[in-house]
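Chemist: here is my input, please return the structure:
(chains A and B)
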Number of protein chains: 2
Amino acid sequence: MRARDLAVDFPTVTLDTPMMEAARLLADQDLPGLIVVDDGGLPRTVLPGTQVLRLAVPRYCQDDPALARVVDEAHADVFVRSLAGRTVRECLPEDPRELPVTDPDATVLEIASLMARTRSPLVAVVGDGRLCGAVTLQALLDRVLAS
Amino acid sequence: MRARDLAVDFPTVTLDTPMMEAARLLADQDLPGLIVVDDGGLPRTVLPGTQVLRLAVPRYCQDDPALARVVDEAHADVFVRSLAGRTVRECLPEDPRELPVTDPDATVLEIASLMARTRSPLVAVVGDGRLCGAVTLQALLDRVLAS
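Modeler: Numbering: from 1, shown residues only, chains lettered A, B, ... in the order given. Below is the predicted model:
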């Protein structure tokens, strides 16, 4: 069983997708994360759901968790406001790190190691210069535990 | 909107739960992670799904990703074998780190910050000395984006 056997079609967003639209896609389709593709349709990055959430939390709350306590429910829309009006491009983290992207020949163990190492429940599969699909943590567990 | 309004009942495992049973629970119920409780019913740790997966990957594959490539599909059951016969207690990571656990008064921003910081799509809510439930990333996004 290789990545090509586990990969399924997965929705993508582009660098120009409004961040609110990307967040709604994640929520409405219960996705484990987002695949952001470049103009050539190749993964520019893969954002686990928790890292999409990070983009929605104002920096002053991330830097000082105590501040997040005093922003009460009357200001909960600060959350939405921090996404509104921005594109995915404007929200992307700058830190270069290992991307959860692999090739169609990757083994189950390889995909599992990659998910664990990058803490991403979503791995994009790229082969022959194009995005072939994605493997989710749930799909991987289902297949492995069924065998 | 506070943690108490967002928390829902969530299945738990104990330190003595067989690891295979814990992994099956995660897969079968499509959970974002596992809450491991101690004898008193309080969270001992919270494991995001990707970190449960880490427990299933033999150490030699984690340390040397190239090795994971050469373990072909005929040996995919190495994955299951590494879990079988072990309890959750025997699999828990030893590294002390911030746990995704909060109290019923936590604000939406506080929960979101905690999820982003700990990279956990699951936060346990503890109040009055007991586990009150859990907030999932999906539930949080649903509530925030609906407002």
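
Chemist: which residues does the closest residue in space to A:Pro18 that isn't next to it in sequence contact?
Modeler: Spatial nearest neighbour of A:Pro18, chain neighbours left out: A:Thr87 (5.9 Å); criterion: Cβ to Cβ, 6 or more residues apart in numbering or on different chains. Using the backbone N, CA and C atoms, a C-beta is placed for each residue, glycine as well. Counting by Cβ atoms under 8 Å, 6 or more residues apart in numbering or on different chains, A:Thr87 touches A:15-19.

Chemist: give me the number of neighbouring residues for A:Cys91.
Modeler: Using other Cβ atoms under 10 Å in any protein chain shown, A:Cys91 has 19 neighbouring residues.

Chemist: who's in contact with it?
Modeler: Taking Cβ under 8 Å, 6+ apart, we find A:Cys91 in contact with A:19, A:55, A:83.

Chemist: before we move on, the earlier item: buried subset of the contacts of A:Thr87, written for ChimeraX?
Modeler: A single ChimeraX command is used to select the members of the contacts of A:Thr87 judged buried by 16 or more other Cβ atoms under 10 Å in any protein chain shown:
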select /A:15,17,18,19
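
Chemist: in JSON lines: the contacts of A:Thr87, plus secondary structure and distance to B:Leu140.
Modeler: Formatted as JSON lines, the contacts of A:Thr87 follow (DSSP: H, G, I helix; E, B strand; the rest coil; distance: Cβ to Cβ, whole Å):
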{"residue": "A:Leu15", "secondary structure": "coil", "distance to B:Leu140": "25"}
{"residue": "A:Asp16", "secondary structure": "coil", "distance to B:Leu140": "26"}
{"residue": "A:Thr17", "secondary structure": "coil", "distance to B:Leu140": "21"}
{"residue": "A:Pro18", "secondary structure": "strand", "distance to B:Leu140": "20"}
{"residue": "A:Met19", "secondary structure": "helix", "distance to B:Leu140": "16"}
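
Chemist: turn the contacts of A:Thr87 into TSV, columns for pLDDT.
Modeler: Below are those laid out as TSV (pLDDT from 0 to 100):
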residue	pLDDT
A:Leu15	93
A:Asp16	94
A:Thr17	95
A:Pro18	93
A:Met19	90
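
Chemist: ok, back up a step: of the contacts of A:Cys91, closest to B:Asp63?
Modeler: A:Leu55 (32.1 Å; Cβ to Cβ).

Chemist: packing partners for the host helix or strand of that closest one?
Modeler: Using DSSP states H and E, A:Leu55 falls within helix A:49-56. Packing partners of helix A:49-56 (3 or more Cβ pairs under 8 Å, 6 or more residues apart in numbering or on different chains; DSSP states H and E): helix A:19-28, strand A:33-37, helix B:108-118, helix B:137-146.

Chemist: apply 10 Å and report the result again.
Modeler: Under the contact definition 3 or more Cβ pairs under 10 Å, 6 or more residues apart in numbering or on different chains; DSSP states H and E, helix A:49-56 sits against helix A:19-28, strand A:33-37, strand A:43-48, helix A:78-81, helix A:88-91, helix B:108-118, helix B:137-146.

Chemist: quick one: mean pLDDT for it?
Modeler: In this model, helix A:49-56 has a mean pLDDT of 86.

Chemist: what stretches of chain A score poorly on pLDDT?
Modeler: A:65, A:71-76, A:78-79, A:95-96, A:147 (pLDDT under 70).

Chemist: returning to that earlier point: a markdown table please, covering the contacts of A:Thr87 and showing distance to A:Arg2.
Modeler: Shown next, in a markdown table, are the contacts of A:Thr87 (distance: Cβ to Cβ, whole Å):
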| residue | distance to A:Arg2 |
| --- | --- |
| A:Leu15 | 30 |
| A:Asp16 | 33 |
| A:Thr17 | 30 |
| A:Pro18 | 36 |
| A:Met19 | 34 |
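
Chemist: which one of the contacts of A:Thr87 is nearest A:Gly41?
Modeler: Distance to A:Gly41 across the contacts of A:Thr87 (Cβ to Cβ) is lowest for A:Leu15, with 12.0 Å.
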